[in-house]
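Trainee: coordinates only, sequence not included:
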């Protein structure tokens, strides 16, 4: 959070410095807004330029990219803005050196002016801001409330890794707790036994005969006399 704030402040300062540089002297008192963008590709001429087709155009574009990068907390966009500013400034220096034969810096105001220093400093601040920013922080488990099978699998793998980080290997739990676990149930030596197996004696229902039962009492003894 703090890194993003510091990076944002540096990026805003760098973008503002780059946008303000065309309104300052670049070479021999000539302002950056007097140089056309097409002169950077076709060669520097003494022809003046309109404001929105001058060196101000790429710097304004870089400032807009910087603002979008700060809103999205994108280090890539801020880096791109710094590369645009430095790229156009260095390209102008190459073309100006070819036109003038050399680049000079004097104390009487001739040669390179403060506008070039402002553009170079602004581009450098943008790159520094991109390096300072921490960017977006990714939330664990995704941004939404829905969880999927793949998420649970990844969480399970992550939990296994956490156990291994603390010196616990789930695959070794049988070896660790082998003495404390209950012994497995062994089958009987003579095979499965029937619950009603009482030994060699054969049960009545095994012979196919009905078990013996006491005969019913004589009903004649219960009849009243005279019947």
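Mentor: Right, received. Where do you want to start? Small disclaimer: the values here were computed from a predicted structure and weren't measured.

Trainee: use CA for all of it now, contacts and neighbours both
Mentor: Will do.

Trainee: Show me what the helix or strand where residue 88 lies is packed up against.
Mentor: Using DSSP states H and E, residue 88 maps to helix 75-100. Other helices and strands packing on helix 75-100, by 3 or more CA pairs under 8 Å, 6 or more residues apart in numbering; DSSP states H and E, are helix 39-42, helix 56-72, helix 114-132.

Trainee: ok and it relative to helix 56-72, angle-wise?
Mentor: 170 degrees (axes from the mean of the first three to the mean of the last three CA atoms, to 10 degrees).

Trainee: Return the distance of residue 86 relative to residue 111.
Mentor: For residue 86, the distance to residue 111 equals 19 Å [CA to CA, to the nearest Å].

Trainee: These two: which is more packed in?
Mentor: For residue 86 versus residue 111, neighbours defined as other CA atoms under 10 Å are more numerous around residue 86 (21 against 18).

Trainee: quick one: that one and residue 107, what's the gap?
Mentor: Counting by CA to CA - residue 86 and residue 107 are separated by 24 Å.

Trainee: Show the backbone phi and psi for residue 102.
Mentor: phi -170, psi 160 (degrees, to the nearest 10).

Trainee: Which residue, other than its chain neighbours, is closest to it?
Mentor: residue 96 (7.9 Å; CA to CA, 6 or more residues apart in numbering).

Trainee: Hmm, the one you found is touching residue 45, no?
Mentor: No. Counting by CA atoms under 8 Å, residue 96 stays clear of residue 45, with 9.3 Å between them.

Trainee: More neighbours: those two, which one.
Mentor: residue 96 (21 against 13).

Trainee: What residues of the helix holding residue 88 count as buried?
Mentor: Of the residues in helix 75-100, 75, 77-86, 88-90, 92-96 count as buried by neighbour count, 16 or more other CA atoms under 10 Å.

Trainee: and among the helices and strands packed on helix 75-100, the most buried is which?
Mentor: The highest average neighbour count among those, using mean count of other CA atoms under 10 Å, belongs to helix 114-132 at a mean of 23.
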